[in-house]
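Undergrad: Give me a model of this one.
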Amino acid sequence: MTKQAIVVKLAIFFGILIVINLISSKLFFRLDFTADKRYTLSEATKNTLRDLDEVVTVTAYFSEDLPPQLLGTRKDFRDLLEEYEKRSNGNLVYEFINPNESDDSETKAQTAGINPLLVNVTERDQVQQLRAYMGAILRMKDDKEVIPVIEPGAAMEYALTTAIKKMAIVEKPTIGLLQGHGQPSLAAIPQLQEQLQVLYDMEPVYLTDSTDIPGNIKALLLVNPRDTISTTVFNKLDDFMTKGGGILVAYDNFQGALNSGFISNPADVGLKNWLGGKGIIMSDQLVIDVNCASVGVPQQVGPFSMTAQVQFPYFPIISNFGDHPVSGGVEALLLPFASAVNTANVDSAQSVIPLAFTSEQSGSAALPMMIDVQKEWTNSEFTAGTQSVAMALEGANGKLVVIGSGGFMVNGEPSMPPGMPGQPPPQQQQLNPDNINFVANAVDWMSDDTGLSDLRTKGVTTRPLDPVEDGTKSLLKYANVAAPILLVLLYGFQRRQKNLRKRQRWLEGKYV
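TA: Predicted coordinates:
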């Protein structure tokens, strides 16, 4: 081959490399084999980036000397920002700053709202604490959003996209919390309010015979009314739905002080009759389920006091859902003292879709009754099969979501449910995240904006093991012990046979 030919081939080779490099700089793709598709941008994120009219600047404050368990988060966040930059057509730019470089850099990060995390690091057999920064500041014109800590996994995309959308949105829809009939106030749903305020404004709506629903309200939440609601008010709710509004009803169909152990059916406030007129029937009994949460029960063991965890079937864990935007991505609801929700004589112009179901091993408990936390339950009490505990109704007369539990979304004062029998009322605590996601999804659906529903619930959070019978457990256990031994014996037998055949060939003078 001549020298000229070699030069030509090298020129062609480098030319191809340059072309590939130019093409790759314009294209960005990743193969995502994770179960929750955590490395694949959701449609909500793509739409948000595509609709950007202003430049968003992301300043990521990340320490460089992070321990190994946190280095992956820094790399994932940088990769995510790179993909956001490509998808936004240049309307998102980013930079990384190491606050640990100097005292001045740390001061700037903390002033901006990014505080350090104290992380234990082992060096030379000694445990030391590292001041690690893992936050970001987003700016668009005069608006600023702070992400104090970048969480790994799908939470990273949700935090980033919601921060961008919160700045980009021109006017937030307003969600109303109905008041005036003994319902919980906004102060009683702080966790839900924090979730919804990303995309919505929330305000109390005092609906009476002489007041109307404000025109800016997109959807209404009707939670646990305890005082009688007049027919006039229900007519206003019907008119609101007919005009395109949506209503979520969450109702505890019982009354009484749980810490006293006695509960009964509530006084008639008119809600069940109103729902019945739409074909939604709420049971007068409480659901019990083998698949349930546990409660702490104080016990005295000799001179020692301790708390034992006891399964409590009145707190069913719902993990069976219908195919609907409201339940999309939700994996487990905890519905304390829930009632079944059924349908009957639904208007043909309306479509009703069950949203959530108990397990097949569920039952019901009639009211009134005394609650016995330490009751020994039997299988004969869980023979009702699958029961629906939430419904969605949609049609010419608007949208309606009904959940047979009101306390599942309440965790603030002063409208918290009392404590368990023998215990004081609980302090404010974090609710199961999917309880909040379920309500937020319902608000999105009722407001005709399901943009962040998939992103909100993106990520695998629970992986419950399938129940296995004792016989199957024993079989698997012995198989686990015997299988390696059998494999070794089989391998040894195969090697022995191979050596015998080789020896036979040698005896026959066959050396190949």
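Undergrad: ranges for the helices of the stretch 101-250 of the chain?
TA: Assigned helices in the stretch 101-250 of the chain, in chain order: 103-112, 154-168, 190-196, 231-242 (criterion: DSSP state H, counting those that start in this stretch).
Undergrad: The ones you listed: lowest mean pLDDT?
TA: The minimum mean pLDDT among those belongs to helix 154-168 (a mean of 84).
Undergrad: where does the stretch 251-400 of the chain have low pLDDT?
TA: Residues of the stretch 251-400 of the chain meeting the criterion pLDDT under 70: 257-260, 300-304.
Undergrad: repeat that for 90
TA: Applying pLDDT under 90 to the stretch 251-400 of the chain flags residues 253-268, 294-310, 325, 328-329, 344-351, 369-376, 395-398.
Undergrad: again with the stretch 1-150 of the chain
TA: Using pLDDT under 90, the stretch 1-150 of the chain drops low at 1-53, 63-76, 87, 89-90, 100-109, 112-113, 115-132, 134, 141-143, 149-150.
Undergrad: Show me the helices in this protein, by range?
TA: Ranges of helices within the chain are 3-26, 43-50, 68-87, 103-112, 154-168, 190-196, 231-242, 271-276, 433-446, 453-456, 470-507, based on DSSP state H.
Undergrad: care to break this structure down by domain?
TA: Domain ranges of the chain: 26-167, 173-456, 468-512, per automatic domain parsing.
Undergrad: Need these in a markdown table (columns: mean neighbour count and distance to A11).
TA: Just so you know, the C-beta spots here come from the backbone N, C-alpha and C atoms, and that holds for glycine as well. Formatted as a markdown table, the domains of the chain follow (neighbours: other C-beta atoms under 10 Å; distance: least, C-beta to C-beta, whole Å):
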| stretch | mean neighbour count | distance to A11 |
| --- | --- | --- |
| domain 26-167 | 16 | 23 |
| domain 173-456 | 18 | 48 |
| domain 468-512 | 9 | 50 |
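Undergrad: so which of the ones you listed gets nearest F14?
TA: Distance to F14, taken as C-beta to C-beta, is lowest for domain 26-167 among the domains of the chain, at 19.5 Å.
Undergrad: Distance to L10 for the domains of the chain - can I get that in a markdown table?
TA: Compiled in a markdown table, those are given as follows (distance: least, C-beta to C-beta, whole Å):
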| stretch | distance to L10 |
| --- | --- |
| domain 26-167 | 25 |
| domain 173-456 | 48 |
| domain 468-512 | 45 |
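Undergrad: I18: which of those domains is closest?
TA: Counting by C-beta to C-beta, I18 lies closest to domain 26-167 out of the domains of the chain; the figure is 13.4 Å.
Undergrad: Return the distance of that closest one from the chain's centre.
TA: Taking C-alpha atoms, centre = their mean, to the nearest Å, one finds domain 26-167 lying 21 Å from the centre of the chain it belongs to.
Undergrad: Also stretch 333-353?
TA: Centroid separation for stretch 333-353 versus its chain: 22 Å, with C-alpha atoms, centre = their mean.
Undergrad: Do I have it right that F77 meets V149?
TA: No. Applying C-beta atoms under 8 Å as the test, F77 and V149 come out as separate, 11.2 Å apart.
Undergrad: can you dump the C-alpha coordinates of stretch 74-88 into PDB?
TA: Output of stretch 74-88 as PDB, limited to C-alpha atoms (Å, rounded to 0.1, in the frame of the first residue of the first chain):
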ATOM      1  CA  ARG A  74     -23.700  13.900  41.500                       C
ATOM      2  CA  LYS A  75     -23.100  12.100  38.200                       C
ATOM      3  CA  ASP A  76     -26.800  11.300  37.700                       C
ATOM      4  CA  PHE A  77     -27.800  14.900  38.300                       C
ATOM      5  CA  ARG A  78     -25.200  16.100  35.800                       C
ATOM      6  CA  ASP A  79     -26.400  13.600  33.200                       C
ATOM      7  CA  LEU A  80     -30.000  14.700  33.900                       C
ATOM      8  CA  LEU A  81     -29.100  18.400  33.500                       C
ATOM      9  CA  GLU A  82     -27.400  17.600  30.200                       C
ATOM     10  CA  GLU A  83     -30.500  15.900  28.900                       C
ATOM     11  CA  TYR A  84     -32.700  18.800  30.100                       C
ATOM     12  CA  GLU A  85     -30.400  21.200  28.200                       C
ATOM     13  CA  LYS A  86     -30.700  19.200  25.000                       C
ATOM     14  CA  ARG A  87     -34.500  18.900  25.300                       C
ATOM     15  CA  SER A  88     -35.000  22.600  26.100                       C
END
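Undergrad: Give me the residues contacting it.
TA: Stretch 74-88 is contacted from outside by 28, 30, 41, 45-46, 49-50, 52, 56, 58, 60, 62, 66, 92-94, 96, 134, 136, 150, 152, 156-157, 160, using C-beta atoms under 8 Å, 6 or more residues apart in numbering.
Undergrad: Out of the helices of the chain, which is closest to S294?
TA: Closest of the helices of the chain to S294 is helix 433-446, at 16.9 Å (criterion: C-beta to C-beta).
Undergrad: What's the mean pLDDT across the closest one?
TA: Mean predicted lDDT for helix 433-446 stands at 93.
Undergrad: what helices or strands is that helix leaning on?
TA: Other elements packing on helix 433-446 under the criterion 3 or more C-beta pairs under 8 Å, 6 or more residues apart in numbering; DSSP states H and E are helix 190-196, strand 217-223, strand 246-250, strand 333-334, strand 388-395, strand 398-403, helix 453-456.
Undergrad: Quote the end-to-end distance of stretch 295-309.
TA: End-to-end distance for stretch 295-309: 5 Å, by C-alpha to C-alpha, to the nearest Å.
Undergrad: who touches the nearest residue to L286 once chain neighbours are set aside in this structure?
TA: Once flanking residues are discounted, L286 sits nearest to A365: 4.7 Å by C-beta to C-beta, 6 or more residues apart in numbering. The contact partners of A365, by C-beta under 8 Å, 6+ apart, come to Q285, L286, V287, I288, Y314.
Undergrad: Apply 6 Å and report the result again.
TA: Residues in contact with A365, defined by C-beta atoms under 6 Å, 6 or more residues apart in numbering, are Q285, L286, I288.
Undergrad: Nearest residue to the first one in space, please, no chain neighbours.
TA: Once flanking residues are discounted, Q285 sits nearest to S364: 4.1 Å by C-beta to C-beta, 6+ apart.
Undergrad: Tell me if I'm right that G404 and S339 touch.
TA: Yes. In this structure, G404 is within contact of S339 by C-beta atoms under 6 Å, at 4.0 Å.
Undergrad: Name the residues contacting each of these two.
TA: Listed as contacting both G404 and S339 by C-beta under 6 Å, 6+ apart are M282.
Undergrad: Quick check: which helices or strands does the lengthiest strand in the chain pack against?
TA: Longest strand in the chain, counting residues (DSSP state E): strand 304-318. On a contact count with 3 or more C-beta pairs under 6 Å, 6 or more residues apart in numbering; DSSP states H and E, strand 304-318 meets strand 280-289, strand 292-301.
Undergrad: repeat that for 8 Å
TA: Counting contacts by 3+ C-beta pairs under 8 Å, 6+ apart, strand 304-318 packs against strand 280-289, strand 292-301, strand 333-334, strand 362-365.
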